[in-house]
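>>> Let me see the structure of the following:
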Amino acid sequence: MRRVLPLLLVSCVLLSSCGGDAAIVSLRPPKGNPEGIVLVEEFADFECPYCAPTHTGVVAPLIEAYGDVIRYEWKHFPLRTIHRYAMDASEASECAADQGKFWEFVDIAFAHQEDLSYEALLSWAETIGLDVSRFERCWKSHEKRQVVLADYEEGRKREVNGTPTFFVNGQPVPNGFDTLSAAIEEILKEYKMRL
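Numbering: from 1, shown residues only. Okay, here's the model as predicted:
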């Protein structure tokens with residue numbers, strides 16, 4: 001019975017609704033240390049002109065400097081009223097995550113942000129080594145729309161109104177390597193004092 005109960009719970013969460021709406025599951029992994037003592041969350045939009053330079057100029061150096069102590073999590077916040085392709089790109093990234101290539105998709109999407117067309121997204125899927133037909137089926141079905149919208153709604157509840165928006169251990173922090181690293185350093189200092 002001990003083995004059956006966890007299996008039933010996992011099946012309930014992943015495969016069915018257990019009496020409600022279908023479970024919303026994302027396979028996108030965090031960056032950095034999954035067990036990190038500092039949680040850095042970014043709400044981002046693939047079409048946002050500020051998110052691409054932030055990805056390379058802030059997030060990458062942050063992971064390099066603090067990757068052993070931070071858990072960096074991406075959250076979708078597609079600004080659909082002003083960014084025509086943001087939702088498509090977000091859904092596509094989740095389909096890439098299903099094949100273990102979320103971060104590869106993020107990197108290529110920001111490197112080629114000026115072209116988020118249907119053809120480009122399919123081309124990127126091939127470039128990063130996805131099973132393209134599986135990716136396309138996932139993407140066309142919109143099966144990942146609820147994953148993206150769940151992030152978006154979380155952002156709205158947390159008063160996110162633009163991208164990129166960062167939180168460090170749940171507290172909003174202005175975009176920038178210096179501001180984020182200062183917030184991380186403060187948490188690390190407090191953590192060391194408690195030891």
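
>>> For the rest of this, base every contact and every neighbour count on C-alpha atoms.
OK.

>>> Once you drop chain neighbours, what's closest to residue 165?
residue 43 (5.1 Å; Cα to Cα, 6 or more residues apart in numbering).

>>> So what sits opposite the residue most central in space within the chain in the bridge?
Geometric centre of the chain, nearest residue: residue 74, 2.7 Å, by Cα atoms, centre = their mean. When bridges are called by DSSP bridges, residue 74 pairs up with residue 42.

>>> Surely it is in contact with residue 42?
Yes: Residue 74 lies in contact with residue 42 (Cα atoms under 8 Å); the separation is 5.2 Å.

>>> before we move on, what SS does residue 48 have?
coil (DSSP: H, G, I helix; E, B strand; the rest coil).

>>> That one reaches residue 165, doesn't it?
No: with contacts counted by Cα under 8 Å, residue 48 stays clear of residue 165, the gap being 11.5 Å.

>>> now for the top helix by length along the chain, which elements pack on it?
For the chain, the helix reaching the highest residue count under DSSP state H is reported as helix 177-194. In terms of contacts (3 or more Cα pairs under 8 Å, 6 or more residues apart in numbering; DSSP states H and E), helix 177-194 is packed against strand 38-44, helix 60-66, strand 165-168, strand 171-173.

>>> Looking at the ones you listed, spot the one closest to residue 154.
Taking Cα to Cα, strand 38-44 is the member of the helices and strands packed on helix 177-194 nearest to residue 154, at 9.6 Å.

>>> Give the rounded mean pLDDT of that closest one.
The pLDDT scores in strand 38-44 average 98.

>>> Next: stretch 129-145.
Here the average pLDDT along stretch 129-145 is 97.

>>> Next, report how far it is displaced from the centre of its chain.
Put simply, stretch 129-145 sits 17 Å off its chain's centre (Cα atoms, centre = their mean, to the nearest Å).

>>> Stretch 169-177 too?
16 Å.

>>> same check, this time on stretch 52-64
Relative to the centre of its chain, stretch 52-64 is centred 14 Å away, using Cα atoms, centre = their mean.

>>> again, but for stretch 94-112
10 Å.

>>> tilt between the longest helix of the chain and strand 38-44?
150 degrees (axes from the mean of the first three to the mean of the last three Cα atoms, to 10 degrees).

>>> Which pLDDT value belongs to the spatially closest residue to residue 46 that is not a sequence neighbour?
Closest residue to residue 46 apart from its sequence neighbours, by Cα to Cα, 6+ apart: residue 86 at 5.6 Å. For residue 86, the pLDDT comes out at 95.
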